[in-house]
Structure formats: structure tokens, C-alpha cells
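with the sequence up front, the predicted model follows.
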Amino acid sequence: MNPGGQTRRQLLKATIGSAAGIVLGAPVRRLAAAALQATSGTAGTLRLSDDLFVVTIPGETNVVVHTSADGVVLVDGGSARASEALMKAIASLPGGGPVHTVFNTHWHPEQTGSNEPLGKAGRTIIAQENTRLWLTTDVTWPWNGQRFKRLPKIAQPNRTFYTTGALGSGIRYGYIPDAAHTDGDMYVYFAQQNVLAVGDAVSGQGWPVVDYVTGGWIGGIVGGLQRLQTLANEETRIVPGRGPVRGLKDLKSQYEMYGTIYDRLSQLLNKGRGPGEAVAAQPTKEFDAQMGNPDEFVRRAFESLWAYVSPDA
Ligand SMILES: [Zn+2]
């Protein structure tokens, strides 16, 4: 199952399948189709409940959309390039309307691209305080030279927290302090729907990016997966930043896999090996058939250990 691969027809089926879709009738369905065609023609929507959806525009990360009479809450807002298309797709959902709040699960531009228009419209942008701090400064990734400009003030999170928070009675959120992906990772839990949105703290598709420049590290991936298991039960649907919806058993198997890799990389580090030698040692060998070429991941994961053991180096 892949929300990114969903077709418009599947979206319409999902829309029609909901009670709201039936009540709203054909003109609204045509409108929804038109709006999506105007975006890219292939935006996909996965319906998790009558008021909770995952919207995916090709090439973009998952966006969780909660609709209510008070307006729409988003978990992540896509990239700036896709923001307009995303807002159109959201407006065409059953119960869709203006966004009043967006969560930034972390600072990466794939998550924070709607901050500027939403900030200008006076909407609430919630993030862990570390995420706000990263968005106030320029960041450069040494491994590929990629540069990220700080966001203008209006686009920065305007409500931050340190540990946990709640939005109304049904939405609880909190910090994932293990630094799985960055040191500002957060989850959002929709209690009524039993849906847990986790951003890139869980990699739903292939090997993860280990952004050690902003705090992420391989040990944090393991720690985050362990922590998130305590927030989920057998029925919880877990929405990662990319890829299909997951369950508790996926967290468990990922926890075991990354735990194994973490142990092997730590041993290599203790023997004084370097990133190239870590890649050559094939510490992910038995997982590669399923996960794909690991070289970049292994290199970053190993470098993240260096960064972790000597943060000022
Ligand atoms: Zn990310």
C-alpha cells in the first residue's frame, strides 16, 4: 500500500465511501476532481476516518489532514513549491476548509513549505522549540553542500513547546527527544482515530536521512522507535513522513533492524574505523534486499556517531 501511488480514482472512491461524500453528492465530487486535476492530476488521498486523511502529492512527504467545524489541522505542510496544490487538495476533502493550525514535525523544507502563507494568514504554527531555532538560522549539510536559508519571521513557528501539549481534547502531541532524525522531532496523536503521525522519526520508505548537523543520529533512530512503541497499541495506525501507513509490528521490526546496525557501527567506531570502512564492512547486509543500497545511509549513520561522541568537533 502506498498513499503516494494512489490514483485520483482511489481518492474519489474514498470520498464517495465516506458518509460526507454521499451527503454532499455529485457536484462536490466533480469539484474535488477538478481541484486535484488543477494541482498535478495525481494527488492521492488516503482516508483514515471521516475526519482524518493523508494527502500525498507526488514527490512530496505525507501530510495528515484533520477536518472539523473549526477548520483544518495539518501535520506538516509539504514543500513551498507544492503548498498551493496541497491547499487545493485539502479544500476539496469532505469537511475540508481553511487551515487553522499546522504542526511542523521537524524543520526540513519538505515539512515547512506552507509556513509562510499560513503565517501571513495569521494561522497557528506549532513546533518543538528546537525546530523553531533551526528555522531561525541558515543550515548547510557538509556531505552534499546543500544550503538551507532561515525562514522569514512570519513563517517561523509561533507556538512552541518543550515536552508535550494538546489541541482541544482529541489531539495530543509531544517531543521525541531521542533525536532520531533531528533534535526537534515531534509526534502528533489523534486519540479518537488512534492515529499517530511521526514525521521522519520513522522512515517509512527506504533508508532514512541521518541529519546529524541538526542533531539526528543512529542511536536516536533506535531510541525513537523504542519510545514510539510506548505510544501505540496493536490498532494504532502510524503515519511516517514518507511511505505507507505502518503499525506497531513495523516499529518493532525496525527497532530490531536499526538496533543491530547501531551495534555493528558502534563496534566499528570502537575499533577506530572510518566511514569508508564502515560501508565496506556491510553492516546492513541482510536488510539490503528489502531496503535498497545502504551506502549513503551507512556513511551518514557512522558520521552521526562521530558527531554524537564529539559534538564540538
Ligand atoms: Zn526530514
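Looks like it came in fine.

what does the stretch 51-200 of the chain have sitting close to the ion?
108, 200 (CB under 5 Å from the ion). For glycine as for every other residue, the C-beta is placed from the backbone atoms N, C-alpha and C.

so where do the helices sit in the stretch 51-200 of the chain?
For the stretch 51-200 of the chain, the helices defined by DSSP state H, counting those that start in this stretch cover 83-91, 109-112, 115-120, 129-135.

now the second one: how far from the chain's centre is it?
Per CA atoms, centre = their mean, to the nearest Å, the displacement of helix 109-112 from the mean C-alpha position of its chain is 9 Å.

check the longest one too.
Distance of helix 83-91 from the chain centroid (CA atoms, centre = their mean) equals 18 Å.

export it to CSV, keeping only CA atoms.
Output of helix 83-91 as CSV, limited to C-alpha atoms (Å, rounded to 0.1, in the frame of the first residue of the first chain):
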residue,chain,number,x,y,z
SER,A,83,1.9,24.4,-1.0
GLU,A,84,-0.8,25.8,-3.3
ALA,A,85,-1.6,22.4,-4.7
LEU,A,86,-1.8,21.0,-1.2
MET,A,87,-4.2,23.7,-0.1
LYS,A,88,-6.5,23.0,-3.1
ALA,A,89,-6.4,19.2,-2.4
ILE,A,90,-7.3,19.9,1.3
ALA,A,91,-10.2,22.3,0.4
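
what's that helix packed up against?
helix 26-39, strand 52-56, strand 63-68 (3 or more CB pairs under 8 Å, 6 or more residues apart in numbering; DSSP states H and E).

for the second one, which strands pair with it and how are they oriented?
Sheet pairing here is set by DSSP bridges, and for strand 52-56 it gives strand 44-49 (antiparallel), strand 63-68 (antiparallel).

put together JSON lines for those, with distance to E296 on each row.
Output for the strands paired with strand 52-56, formatted as JSON lines (distance: least, CB to CB, whole Å):
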{"stretch": "strand 44-49", "distance to E296": "27"}
{"stretch": "strand 63-68", "distance to E296": "26"}
